[in-house]
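K.L.:
What would the 3D arrangement of this be:
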Amino acid sequence: MKANVKSLVWYNGAALGAAAPGWKPPGTWRDLLALQDRIVGARGTPWCMAMSDPPNSGWPGTDWIEDILLHQAGPEEYARFARGTLPWRSERVRGAWRAWGEIVGGAGHIRGGRLGAMLTAYGRRDDPMFAAAPGCHLGHGATISTSRPGAGGGGFFPFPAFSSPPPAGGPAAGGAPSVVSADLMAMFRDSPQARAFIRYLVGAEAQGMWPAAAKGVAFSPHLSVLDDQIRRGGGDAAARIARLLVSGAPLCFDASDWMPDAMANAFYRATLEYLDSPTSARLEEILRQLDTVRTEAKAPVPDDTACGTAPTQKG
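P.N.:
All right, here's what the predicted structure looks like:
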C-alpha cells in the first residue's frame, strides 16, 4: 500500500548552512563524520535522534544498523543478515554496530544525549531541526521531513558509501543501494469480493490516494503513481525520493521487518541497550545474546528476496 525509503539523511538547509558554511553532501562515511565534527566544533548538535515508539521502541536504531551494514557489506551480505544466516558476531555485523558507535558514542553528538534519544518519540524527531533556534541538524530515516516549513526547507542526501569500489553485490549501475519498507495489505479469507478489493487496492486509483493526501511523505510502489509524482514534483524532495524507487538501483527490505518476531524484538531492545552504553564490552554481550535468539528462533528462513533491483522509470 505504501513504500518508504529509509537510506536518507535529512537536514534544514538554512540552519545547517549557518552551522557549517559551504558544507557539501557527504559522499563517504568519513565525510559524514567530518561534517558531524564540524557541527560540534561550531557549538552545534549534529543529530536529531528519537527511539521511543511503544511497543516497538528501538526500531529507529535498527534502521541505522541495517543502513550501515548494507552500505558497508553490500546487498548479498545484507540479505544473509535479513534471513538469519549471517551471525551477529560476524565481523560484518559487528563492524556495523561499531560504526554506529561513532555516531552515538561521542559527547555532544545527539540532542538531549543518549537518554534524550531513548525518551524522545519518533514522530517528534525532526521538530528541533526546524525550530526557530535549531537544536540539531541531521536526522536519519524515512520521509517525514519533505513538507517541513522554514527557510531553506527540508532537504536530504543519500546515506553515504563506505568504500570505492563498492562491495560485492552492489551498488549496481543504477546507483547506490537503499533500505526500504512498506505498509502491506493481506487477504486472509478468500472470496470473490476480497479478490476484487485487492485488485482495486493495487491499481493506480487506490495507490494514488495515500501519496496525494500525505503531500510528499508517502510513496506508492505503483510505477504510474511514481511517474506522476516525479512529473509534478520536479526537483523537490518528494520527486527525488520517487526517482530512487525507479532508479534501477538495489533495494533491500527492512531487515528487522523480515525477521521472526522474537529476533526483531530482541534487535529493537539491543539498540537501546547499546545506545545506553556504547562500549566494546557491552557490544560483545549484546551480540552474543542476539546470536542466542537467532539460533533458537525456529521460524522458517525466508527465500532470497530480501534484496532486489528497483524498476526503471517508464517515462
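K.L.:
can you give me the helices in this structure?
P.N.:
Counting by DSSP state H, one finds helices in the chain at the ranges 13-19, 29-41, 59-73, 75-83, 91-104, 113-119, 192-201, 204-214, 223-233, 237-244, 255-258, 261-276, 280-296.
K.L.:
for the third one, packing partners?
P.N.:
Based on contacts counted as 3 or more CB pairs under 8 Å, 6 or more residues apart in numbering; DSSP states H and E, the elements that helix 59-73 packs against are helix 75-83, helix 91-104, strand 138-140, strand 178-183, helix 255-258, helix 261-276. (Glycine included, C-beta is placed from N, CA and C.)
K.L.:
shaky segments in this structure?
P.N.:
143-153, 164-174, 234-235, 298-304, 313-315 (pLDDT under 70).
K.L.:
can we see that at 50?
P.N.:
Flagging of the chain using pLDDT under 50 yields the residue ranges 146, 150-152, 166, 168-174, 315.
K.L.:
right, and Gly95 touches His71 too?
P.N.:
No: shown here, Gly95 and His71 do not form a contact pair, counting by CB atoms under 8 Å, at 11.2 Å.
K.L.:
When the two are compared, which one has more neighbours?
P.N.:
Between Gly95 and His71, counted using other CB atoms under 10 Å, the more crowded position is His71 (28 against 15).
K.L.:
Next, the contact list for the more buried one, please.
P.N.:
7, 29, 159-162, 176-177 (CB atoms under 8 Å, 6 or more residues apart in numbering).
K.L.:
between these, which is nearest Pro75?
P.N.:
Ranked by distance to Pro75 (CB to CB), the contacts of His71 are led by Pro177 at 5.6 Å.
K.L.:
Was I right to think the closest one contacts Ser247?
P.N.:
No: checked against CB under 8 Å, the pair Pro177 and Ser247 is beyond contact range at 10.3 Å.
K.L.:
Give me the nearest residue to Met185, chain neighbours excluded.
P.N.:
Nearest residue to Met185 in three dimensions, chain neighbours excluded: Met1, at 5.3 Å (CB to CB, 6 or more residues apart in numbering).
K.L.:
Likewise for Ile286?
P.N.:
Ala270 (4.9 Å).
K.L.:
just to revisit the earlier point, so for Pro177 and Ser247, which residue has more residues nearby?
P.N.:
A count of neighbours by other CB under 10 Å puts Pro177 above the other of Pro177 and Ser247, at 29 against 20.
K.L.:
could you list every residue that touches the more buried one?
P.N.:
So Pro177 contacts 7, 70-71, 74-75, 78, 170-171, 249-252, 307 (CB under 8 Å, 6+ apart).
K.L.:
Ok, Leu290 next?
P.N.:
Per CB under 8 Å, 6+ apart, neighbours of Leu290: 88, 263, 266-267, 270.
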